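Q: Give me coordinates for this.
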Amino acid sequence: MAKGLIWATAEDLARNRGRVLSLYRQVLRALNSPDLPLNLAARLHRKAQARAIFMVAAEERSIHNIQDLIDVAEYSLSLLRKGEIPKYIQ
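A: A predicted model of the protein is given here:
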């Protein structure tokens with residue numbers, strides 16, 4: 001991403017599109033893992049939450065927020081692959 005700019009340009013958004021789509025698909029796939037202690041309803045609920053997060057994040061235009069969202073998705077994916085469920089910080 002361009003250094004020193006606060007808002008993402010069309011080039012920045014296009015550059016991150018493939019990475020974000022890949023993370024989205026990987027998170028949804030990881031939620032299907034039999035290693036997670038989730039029943040069907042909980043699994044569907046978590047998938048709906050992930051979809052909502054990615055839909056809201058798709059409207060983000062701040063470079064720093066986009067990078068933070070990618071970092072959070074990668075961290076959550078690493079936990080899901082270990083068989084752990086990410087907790088929300090409140």
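Q: centroid residue for this protein?
A: With the centre of the chain defined as its mean C-alpha position, the nearest residue by CA atoms, centre = their mean is residue 73, 3.5 Å away.
Q: Next secondary structure after the host helix or strand of residue 42?
A: In this structure, residue 42 is located in helix 40-57 according to DSSP states H and E. From helix 40-57 onward toward the C-terminus, using DSSP H and E, the following helix or strand is helix 63-81.
Q: which secondary structure elements does that following helix contact?
A: Where contact means 3 or more CB pairs under 8 Å, 6 or more residues apart in numbering; DSSP states H and E, helix 63-81 is packed against helix 10-31. In short, each C-beta sits where N, CA and C put it, glycine included.
Q: how does it look with 10 Å?
A: With contacts defined as 3 or more CB pairs under 10 Å, 6 or more residues apart in numbering; DSSP states H and E, the secondary structure elements packing on helix 63-81 are helix 10-31, helix 40-57.
Q: how far does the first one sit from the chain's center?
A: Between the centre of helix 10-31 and the centre of its host chain there is 8 Å, according to CA atoms, centre = their mean, to the nearest Å.
Q: Pull out the buried positions in it.
A: 12-13, 16, 20, 23-24, 26-27, 30-31 (16 or more other CB atoms under 10 Å).
Q: For the residues you listed, give me JSON lines that also has pLDDT.
A: Supplementary listing: the buried residues of helix 10-31 in JSON lines, determined by pLDDT from 0 to 100:
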{"residue": "12", "pLDDT": "75"}
{"residue": "13", "pLDDT": "77"}
{"residue": "16", "pLDDT": "81"}
{"residue": "20", "pLDDT": "88"}
{"residue": "23", "pLDDT": "92"}
{"residue": "24", "pLDDT": "93"}
{"residue": "26", "pLDDT": "95"}
{"residue": "27", "pLDDT": "94"}
{"residue": "30", "pLDDT": "95"}
{"residue": "31", "pLDDT": "94"}
